[in-house]
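here's a sequence, model it:
(2 chains)
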Amino acid sequence: MQFIDEFRDPNAVKLLLNKINALVKQTQFTQDSPLNIMEVCGGHTHAIFKFGLDRLLPPEINFIHGPGCPVCVLPMGRIDTCIDIAKLPDVIFCTFGDAMRVPGQQGSLLATRGQGYDIRIIYSPLDALTLAKRNPQKQIVLFGLGFETTMPGIALTIQQAKQQQLTNFSLLCQHISIIPTLKALLTLPNIKIDAFLGPGHLSMIIGVKPYQFISENYAKPVVISGFEPVDMLQSVVMILMQLIRQQYLVENQYRRIVADQGNLLAQAVIKQVFTLQGNDEWRGLGEILGSGVRLSKEYQEFDAELRFNTKHYSHQDDPNARCGDVLTGRSKPINCPLFGKKCTPQSAYGALMVSSEGACAAYYQYRQGDLIC
Amino acid sequence: MLKTISLAHGGGGLASTQLIEQVFMRAFNNPFLQTHEDQAKIALTELTQLGNRLAFSTDSYVIDPIFFPGGDIGKLAVCGTVNDLAVGGAIPLYLSCGFIIEEGLPLDTLQNIVNSMAQTAKDAGVTIITGDTKVVPHGAADKIFINTAGIGTIPTHVNWGMTHIKKGDKIIVSGTVGDHGATILNIREKLGLIGALSSDCAPLYQLIRQLHAIEGVRALRDATRGGVNAVLHEFMQGSGLGMQIKESELPLQPTVRGLCELLGLDPLNFANEGKVVIVVSPDCEQRVLQLLHSHPLGINACVIGEVVAKKQVTLQGLYGIERLLDLPHNEPLPRIC
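From the prediction side, this is the model:
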């Protein structure tokens, strides 16, 4: 397949691995004290396990799976709010597929659909708008989820709803912003992150500049990376080169997709429709200052929380659960006492186990055999 | 006759009789149906001449949409049961069909489905010899559900089964993987992908019968719901041995691969309706491939892996790294971004 196979080419992968093996010898990293690279994005986590990159790389390189999967950081209480709305009369609740299985205290959206409530999986936010036009007697509520990657599409949908004067369409806003997250992450105690693999698709929207505080204030390399094996290994090479030269920069490996300035149109529409306001609770991470994304004043009429006067839930996580430690790289999934016992894909306790991009799901799916052995 | 199906068509009165005569009898026309009895009478001598065991299978078909590129619910209902018989080594002979029809279904739609069943049965060499029709109120069913049951005979010398699988045996798939599942997903979810996506729905008996004479064919399964992955797990459970396949050997249509890349789904979990997974001994691998390649439904057949001692299903990736192939715990869902 053009433009995929090229980035999975075994010969190219072999060459890059040889280069990484040679470069790592020029550093101080060892098997016991490895280079800790955090891949921020769940897409990278999935690729690492799918292609076995962690096993191909020398033991001096250790991947830490970061908080960049929007489904994984969904707090349990938020799902309960979704379920409350979905159970209201004459509501059609729309969500992206992988939020369906995330457990709340009242169960998941998938289980709620099984009880007969009208919950639909959409592939594009515009599908929800079409539903609103076709069902004027129903209230269509869209669960807006994700980092800056999904925000422009949702923002355009809200703008269209306003232009078309739709009164039966609203958004339950659970968007989150990456930069406050990274800022919060870097101030946590016991963080052992030496470098970042920057999220490719998200950076397509925000560009390169917002990450500069990491290199400037924390002296850590950031390389924005694509999602194919060649992309990710080349990014590791770039990180190693920076460390060897003791230069800490934000570099862009994913130039074929990510423009340095990002997508200005997308940034503009995000700015029009959303506003960064207040704090938000994140699963496993607690409350993150300044990370709350809300609909801007101009579009507040589409805020489902205001329209339906929803209840706010805040649940205490199981004290044994290590979701937060996994999301911040302080623990591997297998070190969580719930992993594979109370928390499995069939009976997930945390979203990290249900999202296809979650670190726990990846360990369970691809490494279960190792754990049994 | 009315242009849509009404409750009267299932009521046993004049409308029912008209429907049976003008739609089903006309399309499936054969001497068994013409007796108008409540049962079809099959001569045992005919069956015993063809083999020493009777194979009997049933399945219900509830697909949405009922028409799709490459087939429709009627074709599927015939192929599915014919294939379930054929993978057991049987010669499929007779089918029954039961219809549950939602009130309001256009008669033309039913006619098209029935015609498709008749044509597919003809292609598969089976005869539809008995049936039943029920009409349910609007909303009590989704357009039309079909059940088919089939019988066939297994030739005396054919003895396939998962318990015959041995370590070192080769795993063959008869063609590209995931075509049906990807096609249905594209239409059902209105993904708007156009091009070569088409269901592989086909009766497989003519392809499979070529293997009857080959010693060393161990076991066959058609890779329907759950896809090739589910079949490999069934083989593992049935044999007590492990199944190891190679990612680089998997035959995939570019459009199916593209759809899976886009949505983060695995084609190994997608349904097929015209593909069979075969375990064979290493000495007959080439002969089996040669025979499969000689039939239009098997031209892309290839070896995808082999049977190993450790009881697990694994996939060796492009770089030689092996990973477990777990069975999905739920219907696969597309990811957010």
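
of all residues in the stretch 101-250 of chain B, which one is closest to chain A?
residue B:189 (5.7 Å; CB to the nearest CB). C-beta here means a position set from N, CA and C on the backbone, and glycine is covered the same way.

now that residue: closest residue in space that isn't a chain neighbour?
Counting by CB to CB, 6 or more residues apart in numbering or on different chains, residue B:189 lies nearest to residue A:123, which is 5.7 Å off, once chain neighbours are set aside.

contacting residues for residue 40?
You didn't say which chain, so I picked chain A. A:66-68, A:178, A:182, A:196-199 (CB atoms under 8 Å, 6 or more residues apart in numbering or on different chains).

wait, I meant chain B there
Counted by CB under 8 Å, 6+ apart, residue B:40 has contacts B:32-33, B:94, B:96, B:129-130.

next step: the contacts of residue A:40 restricted to strands.
A:66-68, A:196-198 (DSSP state E).

list just the nearest of these to chain B.
residue A:68 (10.1 Å).

now residue B:40, what are its backbone angles?
phi -90, psi 140 (degrees, to the nearest 10).

in a markdown table: the contacts of residue A:40, plus pLDDT, neighbour count and distance to chain B.
Converted to a markdown table, the contacts of residue A:40 look like this (pLDDT from 0 to 100; neighbours: other CB atoms under 10 Å in any protein chain shown; distance: CB to the nearest CB, whole Å):
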| residue | pLDDT | neighbour count | distance to chain B |
| --- | --- | --- | --- |
| A:66 | 86 | 27 | 15 |
| A:67 | 83 | 31 | 15 |
| A:68 | 80 | 28 | 10 |
| A:178 | 90 | 24 | 12 |
| A:182 | 91 | 24 | 18 |
| A:196 | 97 | 28 | 19 |
| A:197 | 97 | 29 | 16 |
| A:198 | 97 | 32 | 15 |
| A:199 | 96 | 29 | 10 |
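
excluding chain neighbours, what is closest to the residue nearest the centre of chain B?
Per CA atoms, centre = their mean, the C-alpha nearest to the average position across chain B is that of residue B:80, at 3.4 Å. What sits nearest to residue B:80 in space, not counting adjacent residues and going by CB to CB, 6+ apart, is residue B:59, at 5.0 Å.

count the neighbours of the one you found for me.
For residue B:59, the count of nearby residues is 16 (other CB atoms under 10 Å in any protein chain shown).

what helices and strands are in contact with the strand or helix carrying it?
Using DSSP states H and E, residue B:59 sits within strand B:53-61. For strand B:53-61, the packing partners by 3 or more CB pairs under 8 Å, 6 or more residues apart in numbering or on different chains; DSSP states H and E come out as helix B:73-86, strand B:144-154.

mind giving me the packing neighbours of the shortest one?
Applying 3+ CB pairs under 8 Å, 6+ apart, one finds that strand B:144-154 contacts helix B:44-50, strand B:53-61, helix B:73-86, strand B:91-102, helix B:107-124.

re the thing from before, out of the ones in strands among the contacts of residue A:40, flag the one nearest to residue B:140.
Comparing the ones in strands among the contacts of residue A:40 against residue B:140 with CB to CB places residue A:68 closest, at 46.2 Å.

any idea how far residue A:229 is from the closest one?
19 Å (CB to CB, to the nearest Å).

how many other residues sit next to the residue nearest to residue B:200 when sequence neighbours are not counted?
Once flanking residues are discounted, residue B:200 sits nearest to residue B:274: 3.7 Å by CB to CB, 6+ apart. For residue B:274, the neighbour count with other CB under 10 Å is 24.
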